[in-house]
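> generate coordinates for the sequence data below:
(3 chains)
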Amino acid sequence: MSDFTADNGPAKGDAKSSLFHETTRTKRRNAAETRFKAYGIAAIATGLFFLVALLVAILGNGLPAFKQTFVTIPVELTEAKLDKNGNRDPADLAKVSTFGYKPVVTAALVSALKAEGIEIPFAKEEDVEDILSSSVAAQVRDTVLANPDLIGETVDFRLLASSRVDGYFKGRVTRDALVRDKNLDAEHLDIADAMVAAGLMKTTFNADFIFGSDASESRPEQAGIGVSMVGSLFMMIVVLALALPIGVAASIYLEEFAPQNKWTDLIEVNISNLAAVPSIVFGILGLAVFIQIAHLPQSAPLVGGLVLTLMTLPTIIISTRASLKAVPPSIRDAALGVGASKMQSVFHHVLPLAMPGILTGTIIGLAQALGETAPLLLIGMVGFIASNMPDGITSGFLDPNSAMPAQIYEWAKRADPAYYERAWGGIIILLVFLMTMNIIAVLLRRRFERRW
Amino acid sequence: MNDMRIVRKDVDMNDTKISAKGVQVFYGDTHAIKDVDVEIKDKTVTAFIGPSGCGKSTFLRCLNRMNDTIDVCRVEGKILLDGEDIYDKRVDPVQLRAKVGMVFQRPNPFPKSIYDNIAYGPRIHGLAKNKADLDDIVEKALRRGAIWDEVKDRLDAPGTGLSGGQQQRLCIARAVATEPEVLLMDEPCSALDPIATLQVEELIDELRENFSVVIVTHSMQQAARVSQKTAFFHLGNLVEYGDTEQIFTNPQDERTESYITGRIG
Amino acid sequence: MPLLWLFILILALGLIGFILGRARALKNANGDIRLLHSLPTYYGSNVLLAILIPGLAVMVIWLILQPMVIQGQVSSMIPDTAYSDKGALNLVMSDVRRVAEGLDIAVEQGTLSHDQARDIRTELTDIRARLGAVGVALGSNVESYVLKAAQKYRTMNAVGNWMMTVAVLAAALAGFAISYMRTNKDMRARNSVEKVILGLLIAAASIAILTTLGIVLSLIFNTIEFFKLYPALDFFFGTTWSPSFGGGSELGILPLFWGTFYVSIIALLVAVPIGLFAAIYLSEYAGPKVRAIAKPLLEVLAGIPTIVYGLFALLTVGPMLMTVFGEDGGLGWMQGGRSVMTAGLVMGVMLIPFVSSLSDDIINAVPQAMRDGSLGLGATKSETVRQVVLPAALPGIVGAILLAASRAIGETMIVVLGAGAAAKLNLNPFEAMTTVTTRIVSQLTGDADFASAEALVAFALGMTLFVITLCLNIFALVIVRKYREQYD
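Numbering: from 1, shown residues only, chains lettered A, B, ... in the order given. The predicted model follows:
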């Protein structure tokens, strides 16, 4: 900020200077004005640029996760290998492990390639199996165990290609990079190209990414976010069931009944401070109170939900109080005037009128809780493979599970480009949920916005 | 109307300072000012009176283009300051406002010292060559604002710490410090108590020596006390404009008469 | 699930009480509602509450106390020779619980009978194998005292559960009896129901205090534990951070502090100018249309979860910085994608909407009269903003920046993914450094036992973090509140 005192040329040398003539000083001041305005535009442009960059990064890196390369081949389920006794006894069938199924699948691949006239340039023909995901044997085995009658028949299977083959078609893996890769050779890619030409291999939409479960570190092609989505859902149920009633009750007390005293002050200061406490501190609280002291199960969505409830409460209380405050006092007076008790005036009149605002605030608080990661790390919602869907409501709340953001973090930690792609894809799903919630909140606000 | 002292003062029939021709103002769809013509004389106090919502403040704000800051406001017609159209494309409102100062309804000192409040205008317009010069300007402005004696010992104190009447005189001094040619006052006394009002009114009378003063007021008594010319606005129309004495004693239009006798308003 | 059944039973009782209470009041008034002091539902609710509150209260208190009592009883059964310190005792106790759970599951699945589970002996049976068969994997063979403790644990639990059921039902029925007897047409049922509701409202409001208390206590106790194992002076003034779970760790907080502040400062250097100018433009210059589009778009940045920013830092910004400042082809200042700069830049982006919307509010709170005064004197808009609006808004803006700083210090995911793990005292912003929050995460994830200094240090770090952010927040809130009052 320059000092305007001593500048060349007084602006108004003669009192009758024309308005139509812009003095040099005014020109200079207007230039400064334009510059200042440009800074503002630049700042907004920068902010929007970052937003666009972020979205481009998310969509560009994440959309491929929704597609997956599959190999469709007929697999002959030879009885000699899969059911030596030939009696279809489930117990006997279960004894054949995935190692027993692997040769069957590999043989099927080899014969499918031969049938299409695709050359296999390996000394050992079995080496071609690296094209397939290591999960395929288990997939075939599960199918057979579920339906033992298939044994002896030739069945068409849609099998996952390995993550590197998948990455090759998505441009993630290049032939140059394969030189350093022990798992796959350039020849595999030649075969893969030929398989695509022959129609054996296809990159299509992958519903398993959205609904499936997490997989071990070496099988990114198999990993999905479905189980952790269910984990998030159960946490959100806990948050909604606790935070909404408690938050509304607390706000009603503070806004309508609380006397002006030290205790009320203390509560208010507490709430505004809790809203700004780093989320990881809530994680420490959860770890110490719910797990160390209360011995609730680690990694359970119930605990995650409790921690997120405590974290979300201040947000909900603050927005609920704002909506209660927006209800004009005349409504309360009117109710009291016809002889309603204070409690009745609040519950019959004020609360229903404030409800849209309260719900909007709650949805926004829920969205915030849904995307929160840090506290979940401390109560153990990462570090294991969320591979099983919970088999009931109790198990949904109490069995170890992950949550969407924790699952994304877990994938990001695995330091594998195929998992990075999964992580970005997971973000897309997470953002779709958040966007939906926010849109609902906005619509709710628009629909019920009331002018007093 | 017993208490209404009509001050007989010599009205210099000198030059026209501002002349408005066919001014229309729209706020969005609302037609706020309808076809107003008025000639405002130099070194004269002109009062705009009328019931609230009649457009007198809106018209006042057109005279230094303060309406530019409102997005939905649109002005048509011509307003000439010394023969130059202030709505001409070439006119920079910043330069215009240096010539046409404004004092607002509620005293609005900046949250700075008294000195800095006064020095603000001269600084941004570059009116002072050096610190001593600026000191002179500040003192002169405070004297003209009839507040020098009260604040000369505490120029470093914040302007917001003064009483309401002092704050308003400070704001007048602040407006005077940039040496404007016209001073617009938008109900300058409406937030003041009677004693402060009296002080400000005396000040306005003194200011007439150097400036053309336009004052909007909802108090007819005040218009009668301080002005030489009076314009009566009603529902966006300029109903009657003439010498104050004539408007108050012998109104030509029956709406004016109804207003000054208290039947409408 | 007996607990659930008990809960449902209490609810059912309450419902019956509601109907009975309401009926009794009506009967007392000979069916004429006008003779009642309150509406009939209030009489019902009164009885309902008189059943639910004592019942559920007993249940909750019992559920909290029972494990403590059993824990005390059972842990006294474990010989002193079996553990060296409290941490080891905790491990043994968790074994005991696990065995007890295993026995329960075995009984449930029918592989053990009730009597077998009670009388089984390690000398005679391979417990580990038996439990392994029902899906409870144990780390080692079960010692005989563990098994005995586990059996005791089971019986005490079973007895305790029975006693709880009885006590809860007794409390509920007593509540029912008293309130039902007192129900008559002149009773002020509404007042007493409202009193209870008010009590519930107060309880809900007090949860905020309980939360803070919980945070403070859990941090303090564990921090004290930590300082027993590791001297506080070394913690606060040590310049080396090298935890090793084998022992001999050096746990100095200074390098972590430095990393935290370095990242935060870069973040603020990005966020404050951009956010502030954006706020100024939006509130002073932008037309309603631009404002209606740009403001929500900027706020989208605030709604994006931090994990997304973390990934953005790790996978997009880091590699991008590497191409400019990295070793191959770049300036050679950067060793890897993770660095203070990476995390700081991304955190800055995250904070832009935070700074801009807070400042926007604060700038808008400056009265329009102030702007009019300045514009009326012939100041340009930028002069008005710089010399009148900003000085007037300064305290509020300082408060906003402090809040942003507290956010930056407490932010976790961006630094966990973007800043790196090496604790260094270094000035190069392109080096990987680590922060307080990152270390809390790394010391507390995984199966650490909570008795070692290496795990407990996380609580001391958390305590420090909590105190710093709390001070910043309170300070900022006080400033902002003072500022608001000035223009109200």
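> can you pull the buried residues of stretch C:91-100?
Across stretch C:91-100, burial judged by 16 or more other CB atoms under 10 Å in any protein chain shown covers C:92-93, C:95-100. Where you see a C-beta, it was placed from the backbone N, CA and C, and this is true even at glycine.
> just those residues: which are in strands?
Assigned to strands by DSSP state E, none of these qualify.
> what's the closest of those to C:T260?
Comparing the buried residues of stretch C:91-100 against C:T260 with CB to CB places C:M93 closest, at 36.4 Å.
> quick revisit: and which of the buried residues of stretch C:91-100 is nearest chain A?
Looking at the buried residues of stretch C:91-100 and their distance to chain A, the nearest is C:R97, at 7.7 Å (CB to the nearest CB).
> which residues does that closest one contact?
For C:R97, the contacting residues are A:295, C:150, C:153, by CB atoms under 8 Å, 6 or more residues apart in numbering or on different chains.
> can I get the buried part of the residues you listed as one PyMOL selection?
Per 16+ other CB under 10 Å, the buried members of the contacts of C:R97 correspond to this PyMOL selection:
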select buried, chain C and resi 150+153
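> follow-up on the earlier one: could the buried residues of stretch C:91-100 go into a markdown table alongside pLDDT and distance to C:L456?
Conversion of the buried residues of stretch C:91-100 to a markdown table gives the following (pLDDT from 0 to 100; distance: CB to CB, whole Å):
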| residue | pLDDT | distance to C:L456 |
| --- | --- | --- |
| C:V92 | 76 | 19 |
| C:M93 | 76 | 18 |
| C:D95 | 77 | 22 |
| C:V96 | 79 | 23 |
| C:R97 | 78 | 22 |
| C:R98 | 78 | 24 |
| C:V99 | 80 | 27 |
| C:A100 | 80 | 28 |
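> what's the helix or strand for the residue of the stretch 101-250 of chain C found nearest chain B?
In the stretch 101-250 of chain C, the residue that lies nearest chain B is C:A208 (34.9 Å; CB to the nearest CB). In this assignment (DSSP states H and E), C:A208 forms part of helix C:189-229.
> next: A:I44.
A:I44 is part of helix A:24-62 when elements are defined by DSSP H and E.
> that helix: what's the following helix or strand?
On the C-terminal side of helix A:24-62, the closest following helix or strand by DSSP H and E is strand A:67-76.
> residues of the helix or strand following that next one that come out buried?
Taking DSSP H and E as the definition, the helix or strand that follows strand A:67-76 towards the C-terminus is helix A:79-82. The neighbour-count criterion (16+ other CB under 10 Å) identifies A:L82 as the buried residues of helix A:79-82.
> what helices or strands is helix A:79-82 leaning on?
Applying 3 or more CB pairs under 8 Å, 6 or more residues apart in numbering or on different chains; DSSP states H and E, one finds that helix A:79-82 makes contact with helix A:98-115.
> so for whatever helix or strand B:V213 lives in, mean pLDDT?
Under the criterion DSSP H and E, the helix or strand holding B:V213 is strand B:212-216. Averaging pLDDT along strand B:212-216 gives 93.
> anything in the lowest-mean-pLDDT helix or strand in chain A near chain C?
Every helix and strand of chain A was ranked by mean pLDDT, DSSP states H and E. The lowest is helix A:175-178, at a mean of 76. No. Against chain C, helix A:175-178 shows no contacts by CB under 8 Å from any CB of the partner chain, the least distance being 15.2 Å.
> for that helix, name the packing helices and strands.
Contact partners of helix A:175-178 among helices and strands, from 3+ CB pairs under 8 Å, 6+ apart: helix A:186-198.
> next, the angle helix A:98-115 makes with the helix it packs on.
An angle of 60 degrees separates the directions of helix A:186-198 and helix A:98-115 when computed by axes from the mean of the first three to the mean of the last three CA atoms, to 10 degrees.
> what residue in the stretch 151-300 of chain C comes nearest to chain A?
The minimum distance from the stretch 151-300 of chain C to chain A, using CB to the nearest CB, falls at C:Y281 (2.7 Å).
> what is the burial count for that residue?
By the criterion of other CB atoms under 10 Å in any protein chain shown, C:Y281 has 25 neighbours.
> contacts only, for the nearest residue to it once chain neighbours are set aside.
Nearest in space to C:Y281, with sequence neighbours left out and distances taken as CB to CB, 6 or more residues apart in numbering or on different chains, is A:G40 at 2.7 Å. Going by CB under 8 Å, 6+ apart, A:G40 touches C:277-278, C:280-282, C:284-285.
> top of these by neighbour count?
Within the contacts of A:G40, most neighbours by other CB under 10 Å means C:A278, with 31 neighbours.
> right, I'll call it a day here.
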